[in-house]
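Predicted structure and sequence below. I'll ask about it afterward.
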Amino acid sequence: MTVLYVEDDAKVREDLKTALAPRVGELVVAEEAEEGLSRYRERAPDIVVTDLGMPGMDGIALARAIRAEDPEIPVVLTASEGDAHRLFEAIDARIDAFVKKPLDVDELLHALDETAKKIAYERSRRDAEAKMAQHYLAIEEEAMLVYIDKTGRIRRVNAPMAASLDFDPQTLQGRLFETLLHPAKREERYRTLFEALRRGESWHGELHLVSGFGMELIYKGSLIPLYDTLRPDYQFMLLLEEITELVNYRRLLKNELDETQNTLQEKIHFLEQYQNAINEGTAICRFLEDGTIVKTDERFDTIFGFRRRELVRRSFYQLCPNVRNDLERMIKESARRGEILRRRIECMDKTESRHVTDSVFIPIYRLDGSVEEIISIHNDITDVIRLGEEIRTTQKELLYILGEVAESRSKETGHHVKRVAEYSRLLGELAGLDEDRVELLAIAAPMHDVGKIAIPDAILLKPGPLTEEEFDVMKRHTLLGGELFAHSDRPFMEAARIVALEHHENYDGSGYPCGKRGEEIHIFGRIVALADVFDALSMDRVYKKRWPLRKIVGFLKKERGRKFDPRLTDLFLEHIDLFLEIREKFDG
């Protein structure tokens, strides 16, 4: 792995060069951003590590310049606390990782290691996409394909299919697929085909079509939904195999077959369904209706870490302990209705590591209608889910760092923002917020005083009371904090904007900056207001000593319904022992 390191401070550069050089494949060093851009073009590194604050072109500008040439290259940014006001700009520039100065070599190596894992994953994904593209081209050239929209109109017919039907492909484009069906064969079974088109589902069956010369042609068809992420809608690929001669030959033999023909027909029936199932996916597990595994393919064994045939006779549902009962019930209900079940499920491999799969469960029936077995097809998306979680974690950490930096300017420790976050999380749970909103609140709560970054030290650090003019300046930190997060539509940014803007609003309307009252104040603002004041009264500040618990409780009761939401205040006081446990845990 080749790493480009750009740092204008000679001592920092040389110290880190000595530490990094033996631990990466190749280290390319530059003393300023312009030289770094030139070295990037010469050496094409895998990862760029750059300082933020440099004369001339800074680290963010360098990142943007490099990303203009290669949008996917990972960039790790190093910055001191004095550059904290630019963290939001760094997030907007899609910086992959952020490391605070003074640099900790182990922390930087960890960031590089995580970034390298992302590079490996991305290269693997691109390789898989290239292989899929090759497979698609091979299918397009050899197989018979018809592309249909969900209204049943033909979007395109490929050359092998057009040749089979004896039609010019252009004359079929835009035509209703139904018009190709043989008039004498528009049976009730085609109703399920058009229901599948409407619902965006797969379908398998026999089709009787009319050729350009009016001849009846018989095909075995598999309808596969293709979801367009750019224009959220379905189109369909109909994969066809002409079986006209085979069907006609079967008809000639029909009257000559004895009773053994039933067994043969059942096997052919199973084989056709197996083939349709294989077309649905990759990793395959076959199991009986009670969950007993009959067979697995090599990919399924590899994903879950078992040897060949080691899973046979075990229960499939043992692989899904967290959803076992619900999944078993849904599979049985779908089989009774004659439907294919699609679910995203969590499974455990042999080492009890978690896997997430997009799965399809296809019931296979005997001729008498009873279930022979279930074929399950699984697409392991664990790496995709984990990458998404890592991205969200990085974004949360950047917000947390920003909150800590804001507090450090007012001589508070990082424990203040941790305590406010945990008080807010607990009070949100007690207030009945759902799990997602509680998590969003806990992420946003440390941002409540981020606007203080822009307040002058003379006011922010003043040990005595503020004058009226000074207090007017101090109050601006709510507006400044709200403005910092006002230009993003991400949910956690919107939550941070609300918390920064509204945590000094009072329940009776006497607060600032907008004078909101009651439930006009967002629930996040009302919760953080109570959490912030409780922590401020509980700890030493530059302008006061901590209050005893009895005095704090008296103050909260007095301000119930004036400064604080009365329901939240009651919940807080009823469970104050839980909040005191948090205070003790983070009393730094």
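Done, it's in.

Which stretches in the stretch 351-500 of the chain count as helices?
382-409, 414-430, 435-444, 457-460, 468-484, 491-502 (DSSP state H, counting those that start in this stretch).

got the contact list for E310?
D301 (CB atoms under 8 Å, 6 or more residues apart in numbering). (Glycine included, C-beta is placed from N, CA and C.)

For D565, give me its contacts.
Y507, I521, R526, L530.

give me the number of residues near M493?
M493 sits with 21 neighbouring residues when counted by other CB atoms under 10 Å.

go on, the one 4 residues further on?
R497 has 22 neighbours, counted by other CB under 10 Å.

where does the spatially closest residue to it that is not a sequence neighbour fall, phi/psi-wise?
Excluding the flanking residues, the one nearest R497 by CB to CB, 6 or more residues apart in numbering is F485, at 3.8 Å. Backbone geometry at F485, expressed as degrees, to the nearest 10, gives phi -110, psi 10.

Confirm for me that F485 is in contact with M493.
Yes - F485 lies in contact with M493 (CB atoms under 8 Å); the separation is 4.8 Å.

hmm, who's touching stretch 51-71?
For stretch 51-71, using CB under 8 Å, 6+ apart, the contacting residues are 6-9, 12, 32-34, 36-37, 40-41, 48, 50, 73, 75, 77-80, 82-83, 86, 89-90, 93-95.

Start and end of it, how far apart?
Using CA to CA, to the nearest Å, one end of stretch 51-71 lies 19 Å from the other.

And R199, how far from P465?
69 Å (CB to CB, to the nearest Å).

Neighbour count: those two, which is higher?
Neighbours per residue, other CB under 10 Å: of R199 and P465, the larger number sits with R199, 12 against 8.

Show the pLDDT at the more buried one.
If you check R199, the pLDDT there is 82.

Tell me the pLDDT of the residue lying closest to I340 once chain neighbours are set aside.
Spatial nearest neighbour of I340, chain neighbours left out: I362 (5.3 Å); criterion: CB to CB, 6+ apart. Per-residue confidence at I362 stands at 88 (pLDDT).

Over to D535?
91.

separation between the spatially closest residue to it that is not a sequence neighbour and A531?
Distance criterion CB to CB, 6+ apart; nearest residue to D535, sequence neighbours excluded, is R419 at 5.1 Å. R419 sits 8 Å away from A531, going by CB to CB.

Tell me how many other residues surround G428.
25.

shouldn't it be in contact with V438?
Yes - here G428 lies in contact with V438, judged by CB under 8 Å, at a distance of 4.4 Å.

Which element is encountered next along the chain beyond the lowest-mean-pLDDT helix or strand in the chain?
Ranking every helix and strand in the chain by mean pLDDT, DSSP states H and E puts helix 260-278 at the bottom, with a mean of 50. Tracing the chain past helix 260-278, the next element assigned as helix or strand by DSSP states H and E is strand 283-287.

Give me the mean pLDDT for that next one.
pLDDT averaged over strand 283-287 gives 88.

what packs against it?
Packing contacts for strand 283-287, counted by 3 or more CB pairs under 8 Å, 6 or more residues apart in numbering; DSSP states H and E, involve strand 293-296, helix 298-304, strand 371-380.

Which of those has the highest mean neighbour count?
Highest mean neighbour count among the helices and strands packed on strand 283-287 (mean count of other CB atoms under 10 Å): strand 371-380, with a mean of 21.

That strand to strand 283-287, inter-axis angle?
Per axes from the mean of the first three to the mean of the last three CA atoms, to 10 degrees, the angle that strand 371-380 makes with strand 283-287 is 150 degrees.

so what does strand 371-380 touch, helix or strand wise?
helix 260-278, strand 283-287, helix 298-304, helix 324-337, strand 354-365.

That strand: partners in the sheet, and parallel or antiparallel?
strand 283-287 (antiparallel), strand 354-365 (antiparallel) (DSSP bridges).

most packed of the ones you listed?
strand 283-287 (a mean of 22).

Okay, now stretch 195-207: how far is its last residue from its first?
Stretch 195-207 end-to-end distance (CA to CA) = 15 Å.

Over to stretch 435-454?
Stretch 435-454 has an end-to-end distance of 33 Å (criterion: CA to CA).

Give me the distance from it to the chain's centre.
The chain centre lies 21 Å from the centre of stretch 435-454; the measure is CA atoms, centre = their mean, to the nearest Å.

Which two of the contacts of D565 have the greatest separation?
I521 and L530 (11.4 Å; CB to CB).

tell me the domain boundaries of this structure?
2-134, 143-256, 262-380, 385-585 (automatic domain parsing).

okay, the ones you listed, which one's buried deepest?
domain 385-585 (a mean of 18).

pLDDT weak spots in the stretch 251-400 of the chain?
Where the stretch 251-400 of the chain drops to pLDDT under 70, the residues are 251-282, 387-400.
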